[in-house]
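Visitor: sequence below, structure please.
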Amino acid sequence: MIQRVQSIYLFLAILCLGATCTGLEFFRFVQANEIVYLNVFGAQTIVDGAASEIYKEVPIYLSVIGLCLFMFMTLMSYKNIKRQLKWVRSLTFLYFLILIASIVYYYFGGTLFFSGAYLKELGIGYALLVAGFPFCFFLQLGVKKDKKLLDSLNRLR
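Guide: Residues are numbered from 1 along each chain as shown. Next up is the predicted model:
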């Protein structure tokens, strides 16, 4: 149902999270002539301008696609408001866990690749990842408001 405001919030969260699947980098670690950047496909090192290795141990792509599909399932469950509220709460929690994991990786991930001093830089993919979380929070507030309205209407009958 597009006329509900929480459907718009959920659609915007899907767009923000889905845009990271295009390969936008989340962050990069820079040391002298070596650069390691992380996107949804994994971490890639660039030494002297030539790409050398791709570390695909980081399953970011699968978690982003899974979260987008879960958001779509939540969007389509508008007829059962109790189930939708339950799914929105777990969606917000999972999104929060992904954000916390990305913050921890940002602060401690450079030590996996470099032993000395290095610089950390944020990318546009990280900004999109963070921008989708408030939409999930507003989605939860909207679904709670709908449930409260339906409960008050049922009480009046």
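
Visitor: can you give me how far the helix or strand containing residue 62 is from the chain middle?
Guide: In this structure, residue 62 sits in helix 60-76 according to DSSP states H and E. On the basis of CA atoms, centre = their mean, to the nearest Å, helix 60-76 sits 9 Å off its chain's mean C-alpha point.

Visitor: and it, what other elements does it pack with?
Guide: In this structure, helix 60-76 packs against helix 5-19, helix 81-108, with contacts taken as 3 or more CB pairs under 8 Å, 6 or more residues apart in numbering; DSSP states H and E. Where you see a C-beta, it was placed from the backbone N, CA and C, and this is true even at glycine.

Visitor: quick check: angle from it to helix 81-108?
Guide: 160 degrees (axes from the mean of the first three to the mean of the last three CA atoms, to 10 degrees).

Visitor: can I get the CA coordinates of helix 60-76 in PDB?
Guide: Only the C-alpha atoms of helix 60-76 are listed here, as PDB (Å, rounded to 0.1, in the frame of the first residue of the first chain):
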ATOM      1  CA  ILE A  60      28.700  -8.200   3.000                       C
ATOM      2  CA  TYR A  61      27.000  -8.800  -0.300                       C
ATOM      3  CA  LEU A  62      24.900 -11.700   1.000                       C
ATOM      4  CA  SER A  63      23.800  -9.800   4.100                       C
ATOM      5  CA  VAL A  64      22.900  -6.700   2.200                       C
ATOM      6  CA  ILE A  65      20.800  -8.700  -0.400                       C
ATOM      7  CA  GLY A  66      19.200 -10.700   2.500                       C
ATOM      8  CA  LEU A  67      18.300  -7.500   4.400                       C
ATOM      9  CA  CYS A  68      16.800  -5.900   1.200                       C
ATOM     10  CA  LEU A  69      14.700  -9.100   0.600                       C
ATOM     11  CA  PHE A  70      13.600  -9.000   4.200                       C
ATOM     12  CA  MET A  71      12.600  -5.400   3.800                       C
ATOM     13  CA  PHE A  72      10.600  -6.200   0.800                       C
ATOM     14  CA  MET A  73       8.800  -9.100   2.600                       C
ATOM     15  CA  THR A  74       8.000  -6.700   5.400                       C
ATOM     16  CA  LEU A  75       6.600  -4.200   2.900                       C
ATOM     17  CA  MET A  76       4.300  -6.900   1.400                       C
END
